[in-house]
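Peer 1: the sequence and its predicted three-dimensional model are supplied below.
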Amino acid sequence: MPAPPAKKLSTWQSLVAALSSWRTASVALQSFSSGLPLGLVWIAIPDWLTKAGVDLRVVGLVTLAQAPWTFKFLWSPLMDRFVPPWLGRRRGWTALAQLALFVTTLALAGVGDHPDTPWIVGALALAIAFSAATQDIAIDAYAVEVLRPDEQAVAVGARTAIYRAAMYLAGGFAITAAGQFSWPLVNAVLAVLYLPLLVITWKSPEPEVPSVAPKSLREAVWFPFLGFLGRHRALEILAFVFFYKFADQLAQTLQRSFLVQMGYSDFDRGVALATVGLFGNLVGVFLGGAMTPFLGLGRALWVFGLLQLVSNLGYVLLAVQTGPERALMYGAMGFETLTSGMGTGAFSVLLLRMTQKRFSATQYALFSSLFGLPRLLAGPICGYLVHAVGWTTFFWSTLAAGIPGLVLLSRFVPIGVREPEFTVEPPHGKPPLTTRELLWRGTVGTVVGVLFGLLMRAGLRALEAAKTGPFDLVAALERLLAPATGKEWLGLLGLLVFGVVCGLFTAAVAAARRGAGAELADAG
């Protein structure tokens with residue numbers, strides 16, 4: 001007799017099972033290891049050097065150690081292609097990165113009494129950041145591969161909370177503890193924390209269906225583009241990734257400046273940003289993750305997307321007040337961060353589902369970079385807009401900025417559809433492109449990408465300068481093409497990298513439209 005079909009779990013039963021899963025727990029606990037180095041490099045080290053009397057110009061250069069988190073997608077194909085000799089492809093890379101973090105953080109403890117050697121501190125900070133970015137690639141890829149669909153939403157909320165807690169521990173709390181004890185002791189304790197995290201990585205389960213690594217480095221670089229772009233409406237989905245949180249990112253960019261100009265005290269701003277805002281965001285991500293299985297991912301994206309868009313009305317109400325209104329300010333900040341967190345929770349589940357397991361390191365790194373791009377553009381744009389039209393009109397405009405994301409959402413998840421489906425784009429019936437034709441399209445895409453990036457950077461810089469002087473695009477271009485500082489050289493390198501990615505993307509789009517990669521798009 002055939003076995004009876006397995007009884008389907010209810011949504012509530014699935015949520016309880018996900019909460020008790022070792023897969024979910026291992027992914028969430030590994031996020032603690034991601035938050036520690038970020039808090040140390042972003043917050044603690046600049047504070048330590050500044051307090052020790054190191055020249056601010058040197059401290060500014062040391063902050064360039066944050067660059068690996070921006071450029072981590074450059075070496076993510078290596079982590080898709082090569083498999084360490086132990087613990088598998090994802091856990092093996094995670095363990096190697098954690099060992100490197102233990103060694104480099106312990107070395108930082110060795111120079112804790114010598115802030116007069118900032119270049120050594122800067123080199124160690126760079127090594128920590130590179131190890132941490134490598135670890136993030138591996139942990140994100142592991143989450144894509146090991147989590148079942150009904151576990152993803154719960155894992156997103158838990159990861160965010162644990163990640164933020166670790167970041168606070170290695171950032172703000174470390175500064176306080178160093179004032180009471182010493183930086184060598186604090187850094188040594190932070191280093192030792194990686195040892196139990198290594199045990200968690202060792203004991204974490206392998207994916208139920210192991211994915212096959214690319215057979216060559218060429219496949220590891222090229223196939224992730226083809227694999228996604230072969231899907232139906234792939235370009236619209238990528239545009240959605242860019243625009244879904246755009247209204248939120250615009251509204252949050254100048255929160256501090258807005259509260260200062262509206263006359264709120266240091267105490268009010270501190271409570272709003274560090275307590276109400278943080279609590280609202282964490283609760284929002286948890287709620288978003290918990291409610292997504294009940295609503296379905298498609299409906300959750302719609303509901304939370306509309307809520308996070310409407311929440312900016314709270315800032316409109318604040319902007320029209322004639323003086324500080326503490327209760328209204330706390331309420332507006334709390335509601336906006338709560339809905340923003342809910343949207344982030346559902347959106348993070350979407351990123352996990354969009355990413356193909358075989359290329360999870362490269363694809364997820366690229367998706368997360370695209371998601372973070374609007375935040376980089378928002379600062380100069382928002383500053384210029386506020387200067388030109390004022391706070392009230394600016395916050396009204398952020399509502400309009402959220403509409404494209406919802407329009408794009410309707411293209412692949414119409415209102416009422418419970419779950420998005422990623423189908424394969426049928427070929428257009430034309431013959432495949434030759435290698436020469438692909439190289440030509442890739443070259444054109446690279447040149448256009450570099451020029452576009454150059455004009456965007458110059459335009460934003462000219463807008464920033466226009467607050468106190470004339471709008472001079474030519475002068476901004478000349479400054480970009482003649483870098484004089486480490487940060488400017490890094491920016492120029494970023495433009496070149498952006499151009500190369502645009503070139504790969506252009507060639508992959510052309511190839512996918514001719515049927516290349518259809519078998520990759522259909523695979524997990």
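Peer 2: Looks like it came in fine.

Peer 1: so residue 100 sits against residue 127, correct?
Peer 2: Yes - with contact defined as CB atoms under 8 Å, residue 100 counts as touching residue 127 (7.4 Å). (C-beta placed from N, C-alpha, C; glycine too.)

Peer 1: which residues are in contact with each of these two?
Peer 2: Shared contacts of residue 100 and residue 127 (CB atoms under 8 Å, 6 or more residues apart in numbering): none.

Peer 1: for the stretch 301-450 of the chain, give me the ranges with low pLDDT.
Peer 2: Low-confidence regions of the stretch 301-450 of the chain, defined here as pLDDT under 70, cover residues 376-380, 423-429.

Peer 1: let's see it at 80
Peer 2: For the stretch 301-450 of the chain, the stretches with pLDDT under 80 are 323, 358, 369-388, 421-433.

Peer 1: equivalent analysis for the stretch 1-150 of the chain, please.
Peer 2: 1-22, 47, 49-67, 70, 111-119, 149-150.

Peer 1: where along it do the helices fall?
Peer 2: 11-19, 22-39, 45-51, 56-62, 67-70, 76-81, 88-110, 118-146, 149-168 (DSSP state H, counting those that start in this stretch).

Peer 1: redo these as a markdown table? Include mean neighbour count and distance to residue 262.
Peer 2: Shown next, in a markdown table, are the helices of the stretch 1-150 of the chain (neighbours: other CB atoms under 10 Å; distance: least, CB to CB, whole Å):
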| stretch | mean neighbour count | distance to residue 262 |
| --- | --- | --- |
| helix 11-19 | 15 | 41 |
| helix 22-39 | 23 | 30 |
| helix 45-51 | 19 | 28 |
| helix 56-62 | 15 | 29 |
| helix 67-70 | 18 | 32 |
| helix 76-81 | 24 | 42 |
| helix 88-110 | 22 | 40 |
| helix 118-146 | 24 | 36 |
| helix 149-168 | 22 | 27 |
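
Peer 1: out of the ones you listed, nearest to residue 221?
Peer 2: Comparing the helices of the stretch 1-150 of the chain by their distance to residue 221 (CB to CB), the top pick is helix 76-81, with 4.7 Å.

Peer 1: for that closest one, packing partners?
Peer 2: helix 88-110, helix 118-146, helix 217-229, helix 360-389 (3 or more CB pairs under 8 Å, 6 or more residues apart in numbering; DSSP states H and E).

Peer 1: which of those helices sits closest to residue 21?
Peer 2: So among the helices and strands packed on helix 76-81, helix 118-146 is nearest, using CB to CB, at 9.7 Å.

Peer 1: now for that closest one, which elements pack on it?
Peer 2: helix 22-39, helix 45-51, helix 56-62, helix 67-70, helix 76-81, helix 88-110, helix 149-168, helix 360-389.

Peer 1: helix or strand next in line after the last one, which one?
Peer 2: The one in question is helix 360-389. Downstream of helix 360-389, the first helix or strand assigned by DSSP states H and E is helix 391-401.

Peer 1: wait, residue 419 sits on residue 298?
Peer 2: Yes - using CB under 8 Å, residue 419 is in contact with residue 298, at 5.5 Å.

Peer 1: so for the two, which sits in the more crowded spot?
Peer 2: Taking other CB atoms under 10 Å, residue 419 and residue 298 do not tie; residue 298 has more neighbours (22 against 12).

Peer 1: give the next helix or strand downstream of the helix or strand harbouring the more buried one.
Peer 2: Using DSSP H and E, residue 298 sits in helix 297-310. Of the helices and strands lying after helix 297-310 in sequence (DSSP H and E), the nearest is helix 313-319.

Peer 1: centre of the chain to that following helix, how far?
Peer 2: 27 Å (CA atoms, centre = their mean, to the nearest Å).

Peer 1: same thing with stretch 24-35?
Peer 2: That offset, for stretch 24-35, works out to 16 Å (CA atoms, centre = their mean).

Peer 1: any residues touching it, and which ones?
Peer 2: 18, 94, 98, 101, 132, 135-136, 139, 142-143, 146-147, 151, 154-155, 158-160, 162-170, 194, 197, 200-201, 203-205.

Peer 1: number of residues surrounding the nearest residue to residue 240 once chain neighbours are set aside?
Peer 2: In space, and not counting its chain neighbours, residue 240 is closest to residue 408: 3.9 Å by CB to CB, 6 or more residues apart in numbering. Residues within reach of residue 408, counting by other CB under 10 Å, total 21.

Peer 1: repeat that for the one 10 residues further on.
Peer 2: Counted with other CB under 10 Å, the neighbours of residue 418 add up to 11.

Peer 1: can you tell me the SS state at residue 321?
Peer 2: coil (DSSP: H, G, I helix; E, B strand; the rest coil).

Peer 1: ok, now which ones touch it?
Peer 2: Taking CB under 8 Å, 6+ apart as the test, what residue 321 contacts is 262, 328.

Peer 1: got the angle for the helix holding residue 298 vs helix 149-168?
Peer 2: 40 degrees (axes from the mean of the first three to the mean of the last three CA atoms, to 10 degrees).

Peer 1: report all helices and strands that helix 297-310 contacts.
Peer 2: helix 246-253, helix 277-295, helix 326-354, helix 403-412.

Peer 1: specify the angle between that helix and helix 326-354 in degrees.
Peer 2: 150 degrees.

Peer 1: how far out from the middle of the chain is helix 297-310?
Peer 2: 19 Å.

Peer 1: kindly report the same for stretch 47-65.
Peer 2: Centroid displacement of stretch 47-65 relative to its chain, using CA atoms, centre = their mean, is 25 Å.

Peer 1: start to end distance for it?
Peer 2: 14 Å (CA to CA, to the nearest Å).

Peer 1: re earlier: single out the most deeply packed of the helices and strands packed on helix 297-310.
Peer 2: Stretch with highest mean neighbour count among the helices and strands packed on helix 297-310: helix 246-253 (a mean of 24; mean count of other CB atoms under 10 Å).

Peer 1: quick one: that one to helix 391-401, angle?
Peer 2: Using the same axes, to 10 degrees: helix 246-253 against helix 391-401 is 150 degrees.

Peer 1: for helix 246-253, packing partners?
Peer 2: Using 3+ CB pairs under 8 Å, 6+ apart: helix 246-253 touches helix 297-310, helix 326-354, helix 360-389, helix 391-401, helix 403-412.

Peer 1: nearest approach to residue 58 belongs to which of the ones you listed?
Peer 2: helix 360-389 (24.0 Å).
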